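A.B. asks: Structure, please.
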Amino acid sequence: MEGNGNKPQVPSATLTLTITFDQMSGAVNVQGPVENGIICYGMLEAAKDAIRNFAAQRAQGAILPATAMPFLKQ
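C.D. replies: Residues are numbered from 1 along each chain as shown. From the prediction side, this is the model:
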């Protein structure tokens, strides 16, 4: 429908995977693109790498980017 002023929705290039843990109940909640397991598992692996590298860089106060996910072609 032209002329209505609505632009087509462009998917965001940024995906968010949020994991919350309730320390009292032990419940874990995951929100994000969970229907796409490959992306979610890749994001989790990249996050694990960032956490492993954090201790080495903590003294410098740097925030380390996670390693690139090679299966995502740019």
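A.B. asks: C-alpha from now on. contacts and neighbour counts both.
C.D. replies: Will do.
A.B. asks: average pLDDT for stretch 38-50?
C.D. replies: In this model, stretch 38-50 carries a mean pLDDT of 90.
A.B. asks: Ignore what I typed, I meant stretch 17-24.
C.D. replies: 93.
A.B. asks: Can you give the contact residues for that stretch?
C.D. replies: Stretch 17-24 has contacts (C-alpha atoms under 8 Å, 6 or more residues apart in numbering) with Ala27, Val28, Asn29, Val30, Gln31, Gly32, Pro33, Cys40, Met43.
A.B. asks: residues contacting Val30?
C.D. replies: Going by C-alpha under 8 Å, 6+ apart, the list of residues near Val30 reads Leu17, Thr18, Ile19, Thr20.
A.B. asks: Touching, Cys40 and Ala46? I think so.
C.D. replies: No - applying C-alpha atoms under 8 Å, one finds Cys40 not in contact with Ala46, separated by 9.9 Å.
A.B. asks: which residues of this structure fall in helices?
C.D. replies: Ranges of helices in the chain, per DSSP state H, are 37-57.
A.B. asks: Strands of the chain, start to end?
C.D. replies: 18-21, 28-31 (DSSP state E).
A.B. asks: on that earlier part again, compare the contacts of stretch 17-24 and tell me which is most surrounded.
C.D. replies: Among these, Met43 has the most neighbours (other C-alpha atoms under 10 Å), with 19 neighbours.
A.B. asks: which residue sits closest to Val34 in space, ignoring its chain neighbours?
C.D. replies: Distances taken as C-alpha to C-alpha, 6 or more residues apart in numbering put Cys40 closest to Val34, at 6.3 Å, once the chain neighbours are dropped.
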